[in-house]
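1. coordinates for the following, if possible.
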Amino acid sequence: MTVIGLCGNIASGKSLAAAIMSEWGAKVIDTDKISREVVEVGQPAYNDIVEAFGSEFLKEDGNIDRRKLASLVFSDEKSRQLLNQITHPRIREQAQNRIEEAMKRGTNIVILEVPLLIEAGFDDLVDQIWLVRANKQRIFQRLRKRDQLTIKAASARLAAQMSSKEQAAYADVIIENNGNIEQLRRQLWKRYQKISKVK
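-> Sure thing, here's the model as predicted:
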């Protein structure tokens with residue numbers, strides 16, 4: 001089994017790349033989804049977040065107001081570090097469990113989609129690091145369209161992440177995503193078929 005760590009800045013196209021490889025039979029483990037699961041009501045991370053940040057970051061139904069919390073942590077380094085200390089160990093544990101489950105099922109290729117693969121220290125869970133990157137103009141366009149973020153808010157989120165240039169130093173494969181979906185698909189397949197049993 002080969003575990004590919006798929007990383008890249010926000011709005012670079014990681015999820016699209018993962019979805020394409022899922023069509024080819026890869027098992028995708030999305031740590032963004034795991035991050036939402038570990039902070040659900042009743043989970044240990046939920047209680048720790050409420051204790052650390054206060055009930056003002058809860059919605060009326062008791063769930064964590066992710067948008068409000070994101071606004072804080074992307075503008076305050078200490079708050080972001082505190083949130084990461086609470087969530088990252090739980091996310092890692094779940095990711096590791098799911099990789100082991102995939103191995104038991106005889107899965108050929110696993111895609112571990114982790115925005116902060118290097119920063120969070122999840123790189124030791126993978127066999128290869130694939131970086132999806134796009135230029136800042138493309139990223140801003142996608143962020144403003146997808147998340148309705150202002151330029152200031154989008155810039156804050158980008159600034160909170162390792163630059164694609166820094167990430168590239170760790171990458172085994174770099175996928176450029178400044179074009180259309182077919183261009184992305186061709187780049188991925190060229191690399192994917194080399195590690196896949198599918199011909």
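2. just checking, what packs against the lowest-mean-pLDDT helix or strand in the chain?
-> Lowest by mean pLDDT, DSSP states H and E among the helices and strands of the chain is helix 151-159, with a mean of 77. Here helix 151-159 touches helix 136-147, going by 3 or more Cβ pairs under 8 Å, 6 or more residues apart in numbering; DSSP states H and E. Where C-beta positions appear, they are placed from N, C-alpha and C, glycine not excepted.
3. for the helix it packs on, give me every contacting residue.
-> 9-13, 134, 149-151, 154, 157-158, 177-178 (Cβ atoms under 8 Å, 6 or more residues apart in numbering).
4. CA atoms only: put that helix into PDB for me.
-> Extracted in PDB, the C-alpha atoms of helix 136-147 (Å, rounded to 0.1, in the frame of the first residue of the first chain):
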ATOM      1  CA  LYS A 136      -1.900  33.700  -5.500                       C
ATOM      2  CA  GLN A 137      -4.200  35.300  -8.100                       C
ATOM      3  CA  ARG A 138      -6.000  31.900  -8.600                       C
ATOM      4  CA  ILE A 139      -6.200  31.200  -4.900                       C
ATOM      5  CA  PHE A 140      -7.700  34.600  -4.200                       C
ATOM      6  CA  GLN A 141     -10.300  34.200  -6.900                       C
ATOM      7  CA  ARG A 142     -11.300  30.800  -5.600                       C
ATOM      8  CA  LEU A 143     -11.400  31.900  -2.000                       C
ATOM      9  CA  ARG A 144     -13.500  34.900  -2.700                       C
ATOM     10  CA  LYS A 145     -15.900  32.900  -4.800                       C
ATOM     11  CA  ARG A 146     -16.100  29.800  -2.600                       C
ATOM     12  CA  ASP A 147     -16.000  31.300   0.900                       C
END
